[in-house]
Every structure is written in structure tokens, then in C-alpha cells.
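Asker: Give me the fold of what follows.
(one chain, ligands or ions: 2)
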Amino acid sequence: MSVEHYFAVGLAIVIVGGWLFDWLMHTVAIIYGIRRLHRQLPTPSPEDLPGVSIIKPLVGVDPHLYANLESFFKLQYPNFEILFCVQDESDPAIMIVQKLMELYPKVDAKLFIGIKYICPNGKINNMIKAYEAAKNENLLISDSCIKMNENTLMEMVSCMKPDVGMVVQMPFFENRPKLGFASVYEKVYFATFNARSTLGGFATGINACTGMSCLFRREPVDKAGGLAPLGQYLSEDYVLNRTITQAGYKSVLCTSTAQQNSGYSSVGTFHKRIIRWSQLRIALLPHLIILEPLSECMLMGACASWAIEYLFGISSMGVFLMHILLWFLLDYTLLRIVENGPLPFSKFEFVVAWLMRETLALFLTLQSHRNTIVKWRHKKYKLNWGGKIEEV
Ligand SMILES: CCCCCCCC/C=C\CCCCCCCC(=O)N[C@@H](CO)[C@H](O)/C=C/CCCCCCCCCCCCC
Ligand SMILES: O=c1ccn([C@@H]2O[C@H](COP(=O)(O)OP(=O)(O)O[C@H]3OC[C@@H](O)[C@H](O)[C@H]3O)[C@@H](O)[C@H]2O)c(=O)[nH]1
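Answerer: Ligands and ions are numbered 1, 2, ... in the order given. Next up is the predicted model:
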């Protein structure tokens, strides 16, 4: 037996181990998704409902912004305030906020205009005045693209137990049929790849937080220096979660998903967002440079079919096709769990969107390795190893 043969056997065994781990991730995500998502939690008694300060950082407008912001004025919750933050005084979002504030005078809402520079992260600088003015111990950071149902805040608060410091809504989408195939593609991405990692992470206690809609206690954040330390990173959401869990609190997934509802959707802008997120992740957690591609269907399928043929003599083409079919069926199952109702698109659209996502995944990951400059809204940032940023 040659050294090359021993090396190939060792490599094949490692690949089969990684392949089995991928199936474990699918299984964990499906089981945890069924158990956690869309569960009815008992509503806390009125005296257990804490006040919540909702912070809404806004940059610019889109055709859905009015409806998205209005949904917050209609929340069924006894004690909340909405703190809108607009960084630029010529931003048309100001008019929308003012109009809604006039329309719903009984809702406690305030508007903060202009940034206070405390860190490189633009979103944090936009939110900081509201953070400092917030009346309540519980804060909800809610991105501009989020639309809520009347009972969503109640659901989030129901997840906030005494040992819990943070309640995160897993990103998903409102149904936006008018926006065409791009909105199908986005849904498929968020209900398969993203949901698998997020559900897997929360099920096993690994930080997989996306901060577009998250409720948290401010006490551990203030003790760690407030928002400024988080703003040294672009992944301020990940670091917020880490700060709260390091203070001894749990971070849990909310039973409802975050309904993104931006008024624009195109495959190109979606790819740019996914590349930016991938850039954030690999700067923050460099081991993901290797692990992420290995959690992708096509690459792992190719590696595993070679390894299984090498070890057991089973046809690699047969293994590859079975691998794709099983992965596809498990992704479809997860999509149905996350959607929790009839799909707003046909099975054919799902197949096309799924194939497109799986085949383009590696290409998009490679794009994210091309440079360390990230463009986010109107600013450019340089990402350093460890995830810290400098403004360019
Ligand atoms: C042999 C295969 C090993 C596979 C290991 C798993 C590798 C993880 C694969 C993909 C990670 C994708 C994460 C998607 C969700 C994150 C979305 C996101 O980028 N959000 C950013 C913007 O809001 C945020 O700032 C970044 C956060 C970093 C998240 C890191 C997530 C790691 C998740 C690991 C889950 C492991 C689950 C194991 C279950 C058995
Ligand atoms: O400079 C900025 C950039 C962004 N923002 C606000 O931050 C929120 C999120 O911005 P976008 O919608 O552009 O970005 P994403 O949805 O991709 O953000 C997501 O990924 C990156 C994380 O750091 C964010 O916290 C997360 O929400 C919006 O409400 C936006 O208005 C600012 O207030 N200032």
C-alpha cells in the first residue's frame, strides 16, 4: 500500500464524516423548526408585559416603507414606544414618519434626525440617539424592511423569560408576488440554506444571529460599554448576541419569523447582499472559509460521491444523483416548515430557484473572497480579520 493510497483513504473518510454532518444539520434544522417555529406560547399576564422601545433605523424610502412602518403603529401591545432614526435631514423617509405620527397620535413615537458618530458602523451611529433616549429596559431593533403582524411584538415578549436576554426572529419574507422570480429566489435562500444554519445554530447554542428583528435587554449591553463596542464590527448583530450570552443570558429564536418586505427585489441586488453577508462572516469567523462551502449541496455531493466510490466501489454518479435528490427533498421540507402554509409560488418555480441557488452558491462565495471592501448603503468599509471595520 502506497502513502498516496493511505492519504486518499484518510481524505475519503474525513469527507464522508463531513457529509454525514451535513445530513445531521438538515435533520436538526427540520426537527428544531417543527418544534420551535409557529408554536403558540402562552401570553404573559398583563403585569408581566414589560415596556418595549422599538428602534427603527431608516435610510431612504421604497414603495413598501409606508405599509411596513404603519404595521408598527398597529401593534397590539400595551406599552411600547417607537423611535425612528433618520441619519440624513433630506431623507424622504422623514415625511413618511411624520405623516404616520400625525395619523396615529395615540402611539408614543419620536423621530431622531442626524447621526452621532461613536463608531464606524453606520447603522449603530444612526440608532445611538434613540438608544440613549429609550425609556424601556427591553429594546427591539427592527430594520426598515420589516413588517409586523399585530401580535408579533407580543410573541417576541412571550419568548423573553427571566433567563433570556435576547429573542431573535429568523429572517424570512412577507409574500410579495408582484416582485416576480427574485422574491421566490430570496424566499428559497432564506428558507433553505439560511434557515438550516440559523435553526441548527440556535438548536445547538451556536451564535447564528441575524439582527434585523431582535428584542434584547439593555442591561448586559450597557455593562459591556453600550453600542459603541458593537459598532467596531459590521456584524454588530452577531456581537450583540455574543455580548448578551457572555453576560450569562440565553439567546432564543422567536416562534415567528421576521417578515422582510422591502419594495424592491432583483436577483442582482440580492446577490450583492448575500456576498456582503458572506464577506462579514468570513472576516468574523475565518474557519467558515472552509466549512461553509462544505455545507453546500453541490460541492459536498461531488466530494462525497468520489469518497464513497473510492471507499466502497459504489457508482459516484448514482451517489451524486441520490445526494441531490435527498438534499432537494429535505430543503423542500424545511421550506414548508418555515412557510407554514401554502407556498406562494409553483413547484416549478421552486425547482428553478433551488437549482439556481445551489449552482451559484460557490460562485457567490468566491466573489466574497475577492476583496475586503464592503459597500453598505452609502458607505464603504474595510473588513479586517476578526470582523473589525474601518471606514473607507
Ligand atoms: C462539514 C460541514 C460542516 C458545516 C458546518 C456549518 C458551517 C456553517 C455554514 C453556513 C453558515 C451560514 C450562516 C447563515 C446565517 C448567517 C446570516 C448572516 O450572515 N448574518 C450576518 C448579517 O446579519 C451576521 O452579521 C453574521 C453572523 C455570523 C453567523 C455565523 C453562523 C454560523 C452558523 C453555524 C451553524 C452550525 C449548526 C450546526 C448544527 C448541527
Ligand atoms: O449606514 C447605515 C446602513 C444601514 N442602516 C439601517 O440598517 C438596517 C439594515 O440595513 P440593510 O437593509 O441595508 O442591510 P441588511 O438587511 O443586509 O442588514 C443586515 O445585515 C447586516 C447587519 O449588520 C444588519 O444588522 C442586518 O440587519 C436598515 O434599517 C437600514 O436603514 C442605517 O441606519 N445606516
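
Asker: send the alpha carbons of stretch 129-147 over as CSV?
Answerer: Presented in CSV, the C-alpha positions along stretch 129-147 are these (Å, rounded to 0.1, in the frame of the first residue of the first chain):
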residue,chain,number,x,y,z
LYS,A,129,-29.6,58.8,19.8
ALA,A,130,-32.7,56.6,20.1
TYR,A,131,-30.8,54.0,22.2
GLU,A,132,-29.8,56.8,24.6
ALA,A,133,-33.3,58.2,24.8
ALA,A,134,-35.1,54.8,25.1
LYS,A,135,-37.4,54.7,28.1
ASN,A,136,-37.5,50.9,28.5
GLU,A,137,-35.2,48.1,29.6
ASN,A,138,-36.3,46.0,26.6
LEU,A,139,-35.2,47.2,23.2
LEU,A,140,-36.3,46.0,19.8
ILE,A,141,-34.0,46.7,16.9
SER,A,142,-36.1,46.4,13.8
ASP,A,143,-34.8,47.1,10.3
SER,A,144,-36.6,49.3,7.9
CYS,A,145,-37.7,46.4,5.6
ILE,A,146,-39.6,44.6,8.4
LYS,A,147,-43.4,44.4,8.5
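
Asker: show me where the chain has helices.
Answerer: For the chain, the helices defined by DSSP state H cover 3-36, 65-73, 93-103, 122-133, 152-158, 181-191, 193-204, 218-223, 236-246, 267-284, 288-294, 297-312, 316-339, 347-369.

Asker: Quick one, which of those gets closest to ligand 2.
Answerer: helix 122-133 (2.4 Å; C-beta to the nearest ligand atom). Glycine gets a C-beta too; all of them are placed from N, C-alpha and C.

Asker: want to throw the helices of the chain into TSV with mean pLDDT?
Answerer: Converted to TSV, the helices of the chain look like this (pLDDT from 0 to 100):
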stretch	mean pLDDT
helix 3-36	97
helix 65-73	98
helix 93-103	98
helix 122-133	98
helix 152-158	97
helix 181-191	97
helix 193-204	98
helix 218-223	98
helix 236-246	98
helix 267-284	96
helix 288-294	96
helix 297-312	98
helix 316-339	98
helix 347-369	97
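
Asker: Turn the ones you listed into TSV, columns for mean neighbour count and distance to residue 172.
Answerer: Shown next, in TSV, are those (neighbours: other C-beta atoms under 10 Å; distance: least, C-beta to C-beta, whole Å):
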stretch	mean neighbour count	distance to residue 172
helix 3-36	15	11
helix 65-73	19	15
helix 93-103	16	24
helix 122-133	21	21
helix 152-158	22	12
helix 181-191	23	5
helix 193-204	21	8
helix 218-223	16	26
helix 236-246	21	16
helix 267-284	18	14
helix 288-294	15	21
helix 297-312	19	20
helix 316-339	17	6
helix 347-369	16	15
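
Asker: would you turn those helices into TSV with distance to ligand 2?
Answerer: Below are those laid out as TSV (distance: least, C-beta to the nearest ligand atom, whole Å):
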stretch	distance to ligand 2
helix 3-36	21
helix 65-73	10
helix 93-103	8
helix 122-133	2
helix 152-158	16
helix 181-191	11
helix 193-204	12
helix 218-223	14
helix 236-246	4
helix 267-284	5
helix 288-294	16
helix 297-312	24
helix 316-339	18
helix 347-369	13
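
Asker: For residue 48, find the nearest of the ones you listed.
Answerer: The closest of the helices of the chain to residue 48 is helix 152-158. By C-beta to C-beta, the value is 8.6 Å.

Asker: Show me the contact partners of that closest one.
Answerer: 41-44, 49-50, 52, 54, 75-77, 80, 138, 140, 167, 169, 215, 254-256 (C-beta atoms under 8 Å, 6 or more residues apart in numbering).

Asker: Quick check: strands, which of those are part of them?
Answerer: 52, 54, 80, 138, 140, 167, 215 (DSSP state E).

Asker: Would you check which pair of the residues you listed lies furthest apart?
Answerer: Every pair of these checked by C-beta to C-beta; the farthest is 80 and 167, at 14.5 Å.

Asker: if you count what's nearby, which of these two comes out ahead?
Answerer: With neighbours defined as other C-beta atoms under 10 Å, residue 80 and residue 167 compare such that residue 167 has more, 25 against 22.

Asker: residues near the residue in the stretch 201-350 of the chain positioned nearest to ligand 1, how many?
Answerer: When distances are taken as C-beta to the nearest ligand atom, the stretch 201-350 of the chain reaches nearest to ligand 1 at residue 235, 3.2 Å away. Residues lying near residue 235 (other C-beta under 10 Å) number 26.

Asker: just residue 313 next, same as before
Answerer: 8.

Asker: Next, work out how far apart it and residue 4 are.
Answerer: Residue 313 sits 18 Å away from residue 4, going by C-beta to C-beta, to the nearest Å.

Asker: give the contact list for residue 191.
Answerer: The contact partners of residue 191, by C-beta under 8 Å, 6+ apart, come to 172, 334, 335, 338, 339.

Asker: Show the end-to-end separation of stretch 231-250, please.
Answerer: Using C-alpha to C-alpha, to the nearest Å, the end-to-end distance of stretch 231-250 comes out at 22 Å.

Asker: ok so, going back, quick check: ChimeraX command selecting the buried ones in the ones in strands among the contacts of helix 152-158.
Answerer: What follows is the ChimeraX syntax for the buried subset of the ones in strands among the contacts of helix 152-158, where burial is set by 16 or more other C-beta atoms under 10 Å:
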select :52,54,80,138,140,167,215
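
Asker: Include distance to residue 371 and pLDDT when you put the ones in strands among the contacts of helix 152-158 into TSV, please.
Answerer: As requested, the ones in strands among the contacts of helix 152-158 are exported to TSV (distance: C-beta to C-beta, whole Å; pLDDT from 0 to 100):
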residue	distance to residue 371	pLDDT
52	39	98
54	36	99
80	41	98
138	39	98
140	34	98
167	35	98
215	35	98
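
Asker: Residue 270: which of the ones in strands among the contacts of helix 152-158 is nearest?
Answerer: The closest of these, once distances to residue 270 are taken by C-beta to C-beta, is residue 140, at 25.4 Å.
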